[in-house]
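> fold the following for me, if possible:
(chains A, B and C)
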Amino acid sequence: MPELPEVEVISRGLAESLEGKTIESVKILNHSSVKMPWYLFSSRVAGEKITRVHRRAKLLIMDLGEDLHITFHLKMTGRVLAHEGPTTPETHTRIVFGLTDGSSIEFHDTRKFGEVRALNNDELQEWDFYKNLGPEPLEVTAEELAGRIVGRKAQIKGLLLNQSVVAGCGNIYADESLFRAGIHPKAKASDLSKESLVKLFFELQAVLKLAIQENGSSIRDYVDAGGDAGGFQNSFKAYGKKGEKCPDCGKVFEGATVAGRSSTFCSDCQKMKD
DNA sequence: AAAGTAGCCTGGAAGC
DNA sequence: TGCTTCCAGGCTACTT
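Next comes the predicted model:
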């Protein structure tokens, strides 16, 4: 499930192979992947040059000239792959972009949760989801991020997953940063000191940077733009470790649903309040 | 305001 | 073996 580091790695890979290339054709194999009238999507995109590939939160964005952007939200199983030649569609191939140099881009998405759009500048800025995104966690300080949730009564994990609080954090990096900061996922932000919250976001930043260095985390479906797996899953300390022993104290990791997500934590090392 | 839940999907794993 | 059930999870919408 791609979160910020995975989308960042995909974006960097695609930027290298796609910037400067021109889209010639669009073949939509699954219409529900395109969250706008399909003919509008196709007609907007065909013939345009890919000027830049970048990322905002978990969105992969391809700029087409000055006033058009393809946005990919990969959700759980989406992949965007750059092929040197044409794409031979498989069962889960949802969209194929043919490029004028004979190469192609494949949007592959087993579970069809992914969402693709082609928006002009105004539409992008007015899109509620985009408009409400919080800051990029690697572009502001941990203090600034902590300041956004000081005193809030919600569970800390829910706040981390809330894209309008901080952009790009998902279940993996939420569990990992909470463990590293020694904070229980059900702790209320208002029960934690500013210092603890700063520590939490500092750990989130550290874990995101580390994951980008390791090419992302591969669990189930994630691969980078070239189809290769990441390596950060080997560095998980808490995520998915329910039933295993905490590396710090030896107590067995517990599991619970928090903010609607499966969560793993050590009830000894992770505190509910300061 | 916060929190719980259903729904969207599919396939791999676990259980019987 | 073969069937059924469970689970994963980003995000929205709706209810409590």
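
> tell me how chain A divides into domains.
As assigned by automatic domain parsing, chain A contains the domains A:4-131, A:142-265.

> those domains: lowest mean pLDDT?
Among the domains of chain A, domain A:142-265 has the lowest mean pLDDT, at a mean of 88.

> near DNA strand C, which residues of the stretch 101-250 of chain A show up?
Neighbours of DNA strand C within the stretch 101-250 of chain A, by CB under 7 Å from any atom of the strand: A:111, A:113, A:128-129, A:161, A:163, A:170-172, A:219, A:239-240. Placement of C-beta: from N, CA and C, glycine included.

> out of the residues you listed, which are buried?
A:161, A:163, A:170-172, A:239-240 (16 or more other CB atoms under 10 Å).

> which one of those residues is nearest DNA strand B?
A:Leu161 (10.9 Å; CB to the nearest atom of the strand).

> so who does that closest one touch?
A:169-171, A:174, A:259, A:261 (CB atoms under 8 Å, 6 or more residues apart in numbering).

> now do 6 Å
Applying CB atoms under 6 Å, 6 or more residues apart in numbering, we find A:Leu161 in contact with A:174, A:259.

> before we move on, the earlier item: adding distance to A:Lys273, write the domains of chain A out as TSV.
Below are these laid out as TSV (distance: least, CB to CB, whole Å):
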stretch	distance to A:Lys273
domain A:4-131	28
domain A:142-265	4
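
> let me see the ranges of the strands in chain A.
A:23-28, A:50-56, A:59-64, A:69-73, A:78-83, A:93-99, A:104-109, A:115-119, A:254-258, A:261-265 (DSSP state E).

> so which of the ones you listed gets nearest DNA strand B?
Closest of the strands of chain A to DNA strand B is strand A:254-258, at 6.6 Å (criterion: CB to the nearest atom of the strand).

> run the chain-centre distance for that closest one.
In terms of CA atoms, centre = their mean, to the nearest Å, the centre of strand A:254-258 is found 22 Å from the chain centre.

> circling back to that earlier point, and the residues of the stretch 101-250 of chain A next to DNA strand C, which two are furthest apart?
A:Asp128 and A:Gly240 (31.9 Å; CB to CB).

> helices - which of the buried ones among the residues of the stretch 101-250 of chain A next to DNA strand C land there?
If you go by DSSP state H, those have A:161, A:171-172 in helices.

> just the residues you listed now: which is nearest DNA strand C?
A:Asn171 (3.8 Å).

> list the contacts for the closest one?
A:Arg261.

> what's the closest non-adjacent residue to A:Leu99?
Excluding the flanking residues, the one nearest A:Leu99 by CB to CB, 6 or more residues apart in numbering is A:Lys21, at 4.8 Å.

> again, but for A:Lys131
Distance criterion CB to CB, 6+ apart; nearest residue to A:Lys131, sequence neighbours excluded, is A:Gln125 at 6.6 Å.

> ok, now how distant is the one you found from A:Leu14?
Using CB to CB, to the nearest Å, A:Gln125 is found at 23 Å from A:Leu14.

> and A:Leu133, by the same measure?
For A:Leu133, the distance to A:Leu14 - CB to CB - is 21 Å.

> and those two? Which one has more around it.
For A:Leu133 versus A:Leu14, neighbours defined as other CB atoms under 10 Å are more numerous around A:Leu14 (24 against 19).

> okay but that one is in contact with A:His54, surely?
No: contact criterion CB atoms under 6 Å: A:Leu14 and A:His54 do not qualify, at 9.5 Å.

> quick check: neighbours shared by those two?
Counting by CB under 6 Å, 6+ apart, nothing touches both A:Leu14 and A:His54.

> make TSV from the strands of chain A and add distance to A:Met36 and mean neighbour count to it.
Shown next, in TSV, are the strands of chain A (distance: least, CB to CB, whole Å; neighbours: other CB atoms under 10 Å):
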stretch	distance to A:Met36	mean neighbour count
strand A:23-28	11	17
strand A:50-56	18	19
strand A:59-64	15	22
strand A:69-73	10	23
strand A:78-83	17	23
strand A:93-99	13	21
strand A:104-109	15	24
strand A:115-119	6	21
strand A:254-258	34	15
strand A:261-265	29	20
